[in-house]
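Q: here is my input, please return the structure:
(2 chains)
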Protein chains: 2
Amino acid sequence: MTEAELDQLVAQIGEELLSRMGTSAVSTARKVPAEGAGIPDQVCSGCKQRCAQTCAAKSKQILAAGADRLSASDKLTKIDPSIASLIDHTLLRADATAADIKRVCAEARQFAFASVCVNPYWVPLVAMELANSPVKVCTVVGFPLGATSTEAKRGETEKALAAGAQEIDMVINIGELKGGNHEAVKNDIKAVVEAAHAKGAIVKVIIETSLLNDSEKAIASTLSKLAGADFVKTSTGFSTGGATAADIALMRSIVGPDLGVKASGGIRSLEDLKTMAAAGATRIGASASVKIMEAAAGKAVAPTSATGY
Amino acid sequence: MTEAELDQLVAQIGEELLSRMGTSAVSTARKVPAEGAGIPDQVCSGCKQRCAQTCAAKSKQILAAGADRLSASDKLTKIDPSIASLIDHTLLRADATAADIKRVCAEARQFAFASVCVNPYWVPLVAMELANSPVKVCTVVGFPLGATSTEAKRGETEKALAAGAQEIDMVINIGELKGGNHEAVKNDIKAVVEAAHAKGAIVKVIIETSLLNDSEKAIASTLSKLAGADFVKTSTGFSTGGATAADIALMRSIVGPDLGVKASGGIRSLEDLKTMAAAGATRIGASASVKIMEAAAGKAVAPTSATGY
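A: Below is the predicted model of the structure:
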């Protein structure tokens, strides 16, 4: 895909999304069942007329990717029924000590979380603590501002992989996204993806939803997919807001069933987790993971509703 | 200095500082003149008895470095009398665009600020915008969490220097400081200092005061000095608090007249700047720099009080 084609694609996506969105309501939210999702069943206020005329046809291509969202979500829920296996047990506080990191690793082993997610400095310790366990070693790159150079992100990724990281959660270059330099954003992601995939690791791309409008969220998700990422992820947890069900639904509608969607930032309860999973999230970043598991222990761990969590 | 000697030194400093501090009042604050400094002239509540007996002799060595604070501050004020030349004009927001960065560079040229401080991705642009100007190119490393690996910090520094950075503001490994692994903290700083000094750049060490107690602030300042840093700096601006006059006075008392002290985080007015400079700061990180200059324009730009800025 040439740069011109890419620009054309993202412009088209942006245009279509804007035409289908109200100021805050996401039209695709209508595709999410009301039970448990927490998303209002609102009709798009911005394009009532246009939907009946041109939007339906023009947006067919874009929505094709999202059309399988629910079935994909159901499928993923069936593949991976436990709550614990959805969770990246996360400790990214600047003042976390080695003792804190070890505690988190022990908790992850106990509950069989998907991964332990820490700052890069702690990767060697986590790799040691999680040796001979199915819990993955996850770390962050260009975190949390996303404004280091692409070369620095690639270098940070390579160092983390060498130290034992198996999953890389990178932050996009938000300023370049806002400035419309989509090629730079895509190449920044691609550099990390190539480094990670070369070592068999996966990449989750943090788009920092709280700083983006819906069009920018859609474009960032598209660029992540084009760059070969494995997941798109909502938030660093260090900005102005965290995951919302509407954002998860939007991101899922863009990336389709092939990529994962990770909800992170402000997920502090079992209810929060269920809401995000129902909206399409296949991974949850949380530091309150043990509290969530304790809440889940009093209930059926396997999905109880038709829509999963 | 061996690791054992280093541990002994930092333990001694910690012990002495704790013995001279109340819960929140810093005993060395008594050395700061009341006018403008904003530091209460409190007697240390923790060691009234001990001061009269053993503290005076035991702490002579520690306070020797701080004893010249006022004269050093006066000297620096005389060398550098303008407000603008104290200011690192700072834009570290994750969503800053190229247009934002260019505006900040133009402002820095106009007011002759000491530097423009941006995230590493923007260093090439800033170096271009500031070419043939006395304004320095400043960037951040391991920012804002300080928890990337030492190798990643070194690599990030080298890439930034190659792209045109002349000043590096790095964040210490806060978790290792809290865990008592002082050798790791010192070596982390030293790696960045060596890379920077090899290219003629200076290093400011961000200790993130809002996450530290007074003893940890003192130890972090000591380790920065031992590692060869050029400045100690209070805050990233992305944590739970910013610069305080008491912290500046404490840091200055530790590093003595040879190192710079940079106040950053929450400095939004001319009054804030004056308070920090009176407490011993020789550089100010601010994003409200233009507002500060506009306020100063109505007043004498040169120092008007006996203690200067």
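Q: what does the stretch 101-250 of chain A have sitting close to chain B?
A: A:101, A:119-123, A:143-152, A:155-156, A:159-160, A:163, A:171, A:173-176, A:178-179, A:181, A:208, A:211, A:238-239 (Cβ under 8 Å from any Cβ of the partner chain). Placement of C-beta: from N, CA and C, glycine included.
Q: okay, now the unreliable bits of chain A?
A: A:1-3, A:6-7, A:9-81, A:299-309 (pLDDT under 70).
Q: how many neighbours does residue A:112 have?
A: 14 (other Cβ atoms under 10 Å in any protein chain shown).
Q: test my guess that it contacts residue A:86.
A: No - look at residue A:112 against residue A:86 with Cβ atoms under 8 Å: they stay out of range, at 11.0 Å.
Q: buried subset of the residues of the stretch 101-250 of chain A next to chain B as a PyMOL selection?
A: In PyMOL, a selection of the buried entries from these looks like this (16 or more other Cβ atoms under 10 Å in any protein chain shown):
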select buried, chain A and resi 101+119+120+121+122+123+143+144+145+146+147+148+149+150+151+152+155+156+159+160+163+171+173+174+175+176+178+179+181+208+211+238+239
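Q: sitting in strands, which of the residues of the stretch 101-250 of chain A next to chain B do you find?
A: residue A:171 (DSSP state E).
Q: quick one, phi psi at residue A:89?
A: Phi and psi for residue A:89, reported as degrees, to the nearest 10, are phi -80, psi 120.
Q: in which helix or strand does residue A:271 reside?
A: Assessed by DSSP states H and E, residue A:271 sits inside helix A:270-279.
Q: er, residue A:117 I mean
A: strand A:115-118.
Q: what ranges do the strands span in chain A?
A: A:87-91, A:115-118, A:136-141, A:167-171, A:202-206, A:231-233, A:260-264, A:283-286.
Q: now the third one - C-alpha only, PDB.
A: So the one you mean is strand A:136-141. This file holds the C-alpha atoms of strand A:136-141, laid out as PDB (Å, rounded to 0.1, in the frame of the first residue of the first chain):
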ATOM      1  CA  LYS A 136       3.300 -14.400  30.100                       C
ATOM      2  CA  VAL A 137       5.800 -11.600  30.600                       C
ATOM      3  CA  CYS A 138       4.300  -8.400  29.300                       C
ATOM      4  CA  THR A 139       6.000  -4.900  29.300                       C
ATOM      5  CA  VAL A 140       5.400  -1.500  27.900                       C
ATOM      6  CA  VAL A 141       7.300   0.500  25.300                       C
END
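Q: from the contact counts, what lies against that strand?
A: Other elements packing on strand A:136-141 under the criterion 3 or more Cβ pairs under 8 Å, 6 or more residues apart in numbering or on different chains; DSSP states H and E are strand A:115-118, helix A:123-129, helix A:150-162, strand A:167-171.
Q: the same query, at a cut-off of 10 Å, please.
A: strand A:87-91, helix A:98-111, strand A:115-118, helix A:123-129, helix A:150-162, strand A:167-171, helix A:182-197, strand A:202-206 (3 or more Cβ pairs under 10 Å, 6 or more residues apart in numbering or on different chains; DSSP states H and E).
Q: the last one to strand A:260-264, inter-axis angle?
A: Computed by axes from the mean of the first three to the mean of the last three Cα atoms, to 10 degrees, the angle separating strand A:202-206 from strand A:260-264 equals 50 degrees.
Q: the strand holding residue A:117 pairs with which strands, and in what direction?
A: Paired with strand A:115-118 in the same sheet, following DSSP bridges, are strand A:87-91 (parallel), strand A:136-141 (parallel).
Q: how far does the last one sit from its chain's centre?
A: Centroid displacement of strand A:136-141 relative to its chain, using Cα atoms, centre = their mean, to the nearest Å, is 14 Å.
Q: quick check: closest non-adjacent residue to the most centrally placed residue in chain A.
A: Central residue of chain A (Cα atoms, centre = their mean): residue A:233, 1.8 Å from the mean position. Distances taken as Cβ to Cβ, 6 or more residues apart in numbering or on different chains put residue A:262 closest to residue A:233, at 3.9 Å, once the chain neighbours are dropped.
Q: in the sheet, who's paired with the one you found?
A: residue A:233, residue A:283.
Q: these two touch, right, it and residue A:206?
A: Yes - the criterion here is Cβ atoms under 10 Å, and residue A:262 meets it with residue A:206 at 8.3 Å.
Q: hmm, back to that, using a markdown table, please lay out the strands paired with strand A:115-118 together with distance to residue A:290.
A: Compiled in a markdown table, the strands paired with strand A:115-118 are given as follows (distance: least, Cβ to Cβ, whole Å):
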| stretch | distance to residue A:290 |
| --- | --- |
| strand A:87-91 | 8 |
| strand A:136-141 | 17 |
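Q: give me whichever of those is most buried.
A: Neighbour counts (mean count of other Cβ atoms under 10 Å in any protein chain shown) averaged over each of the strands paired with strand A:115-118 peak at strand A:136-141, with a mean of 27.
Q: quick one: closest of the helices and strands packed on strand A:136-141 to residue B:255.
A: Across these, the minimum distance to residue B:255, taken as Cβ to Cβ, is reached by helix A:98-111, at 27.4 Å.
Q: helices or strands next to that closest one in the packing?
A: Using 3+ Cβ pairs under 10 Å, 6+ apart: helix A:98-111 touches strand A:87-91, strand A:115-118, helix A:123-129, strand A:136-141, helix A:289-297, helix B:174-178.
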